[in-house]
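S.K.: structure, please.
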Amino acid sequence: GTFLEVLRGMGFSVAGFEPAEAPCRRAQGKGLAVVNRFFGPDTTEECPLERVDLVVIRHVMEHLDDFQSLFEGLDRLIHSGTGLLIEVPDLVSTVAQEIYSNIYHLHSSYFDASSMSRLLERFGWHVRTLRIVDVFGGSLLLWAERCATSPGRSLKLDNVTSQEPQALQASALHEFVAHWRERAGETRLFFDGLRANGIRVAGYGAAERTTALVGMAGLEASHMIAIYDRNPNLDGLMLPGSRIPIRSPERITEDQPECLVVFARSLDRKST
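M.R.: Okay, here's the model as predicted:
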């Protein structure tokens, strides 16, 4: 509810949808009208706002595989002048900077400026303004309106530090995948060497990007005795695929690994 709280403080009437129960309850605790459901045509009637002037969808669409339901739901809330503000990771930026951690199992879709524009046009929206902003190494930030809306109403994004989007080249994507496999192979060799020398290895940080790296490198439970993480909901579970146990950090002194690998996949590359 942090973003909605800011908008409410600016005088907007706000409402949101959040399927995860814990974040939804925290938002509701701030007095925000947040519905604890997935957004779609079957749940829009629960929105306390009958019609909306602006829809904001930030870093959500890459997690979806049912765009039909999303836009059918929007059609029940919008009017002819409603604006749509979307932000998603930019695949071109991810490929250009070789940010392999942006590719992982929680992302069902990946977009560049062209594919996002075509998707919106399919559902009756027209992109008026599109920029690349410095989020997750580069994200598409776009403003769209209904195709029937007269031109000239585009939101000005000039106050946002940004650059013009580029087209994704197939050759660059193939090269990105090849380099990713090479780096994953190097990671596997590193852990194979530790295992061959009988070194007891553990990891720290059981985030989703860790799961992606471990899976791409083909690591197994024989490579690490555990991965430690402060999220109490993960304690006692296993990393998907590799089945490496996840334990609380308090177990480090008990397990006494000889080598601790920190999986800091989400650190800003500028700060490392």
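S.K.: contacts, neighbours, all on C-alpha from now
M.R.: Noted.
S.K.: in this structure, which residue is closest to the centre?
M.R.: When Cα atoms, centre = their mean is applied to the chain, the residue found nearest the centroid is His59 (5.2 Å).
S.K.: from what I see, it and Glu87 are in contact.
M.R.: Yes - between His59 and Glu87 there is a contact under Cα atoms under 8 Å: 5.7 Å.
S.K.: what secondary structure does the nearest residue to the residue nearest to the centre of the chain once chain neighbours are set aside sit in?
M.R.: Spatial nearest neighbour of His59, excluding adjacent residues (Cα to Cα, 6 or more residues apart in numbering): Val88 at 4.9 Å. Secondary structure, DSSP: H, G, I helix; E, B strand; the rest coil: Val88 is strand.
S.K.: now do the same contact list for Val88.
M.R.: Shown in contact with Val88 (Cα atoms under 8 Å, 6 or more residues apart in numbering): Arg58, His59, Val60, Met61, Glu62, Phe111, Ser139, Leu140, Leu141.
S.K.: can you check His105 too?
M.R.: Glu208, Ala212.
S.K.: distance of it relative to Leu141?
M.R.: To Leu141, His105 is 23 Å away according to Cα to Cα, to the nearest Å.
S.K.: that older thread, ramachandran angles for the residue nearest to the centre of the chain?
M.R.: The phi and psi values for His59, taken as degrees, to the nearest 10, are phi 50, psi 50.
S.K.: tell me the pLDDT of it.
M.R.: Looking at His59, its pLDDT reads 94.
S.K.: please shift the residue numbers so they start at 612 in all later answers.
M.R.: With the count now opening at 612, the last piece we talked about shows up as His670.
S.K.: what's it in contact with, if anything?
M.R.: Contacts of His670 by Cα under 8 Å, 6+ apart are Ile697, Glu698, Val699, Pro700.
S.K.: and the pLDDT for Pro762?
M.R.: At Pro762, the model reports a pLDDT of 52.
S.K.: if we can go back for a sec, tell me the bridge partners for the residue nearest to His670.
M.R.: Legend: beta-bridge partners of Val699 under DSSP bridges are Leu751.
S.K.: can you check Ile689 too?
M.R.: Here Ile689, judged by DSSP bridges, has bridge partners Val663.
S.K.: coming back round to it: which single one of the contacts of Val699 is nearest to Val738?
M.R.: Checking the contacts of Val699 against Val738 by Cα to Cα gives Leu752 as the nearest, at 10.5 Å.
S.K.: got the contact list for Pro630?
M.R.: By Cα under 8 Å, 6+ apart, the contact list for Pro630 reads Val646, Asn647, Arg648, Phe649.
S.K.: any idea of the mean pLDDT for stretch 695-706?
M.R.: Mean pLDDT, computed over stretch 695-706, is 95.
S.K.: now the terminal residues of that stretch, how far apart.
M.R.: End-to-end for stretch 695-706, by Cα to Cα: 26 Å.
S.K.: cool, and stretch 667-682?
M.R.: 13 Å.
S.K.: low-confidence ranges in the stretch 612-761 of the chain?
M.R.: Counting by pLDDT under 70, the stretch 612-761 of the chain contains low-confidence residues at 759-761.
S.K.: quick one: the helices in this protein, in order.
M.R.: 613-620, 632-640, 678-686, 702-707, 724-733, 781-807, 819-828, 863-866 (DSSP state H).
S.K.: stretch 832-840: how far from the chain's middle?
M.R.: 25 Å (Cα atoms, centre = their mean, to the nearest Å).
S.K.: next, the distance between the ends of it.
M.R.: Start-to-end span of stretch 832-840 (Cα to Cα) is 16 Å.
S.K.: neighbouring contacts of it?
M.R.: 802-803, 805-806, 811-817, 846, 853-860, 862-863, 868.
S.K.: buried set for that stretch?
M.R.: Buried residues in stretch 832-840, counted by 16 or more other Cα atoms under 10 Å: His834, Met835, Ile836, Ala837, Ile838, Tyr839, Asp840.
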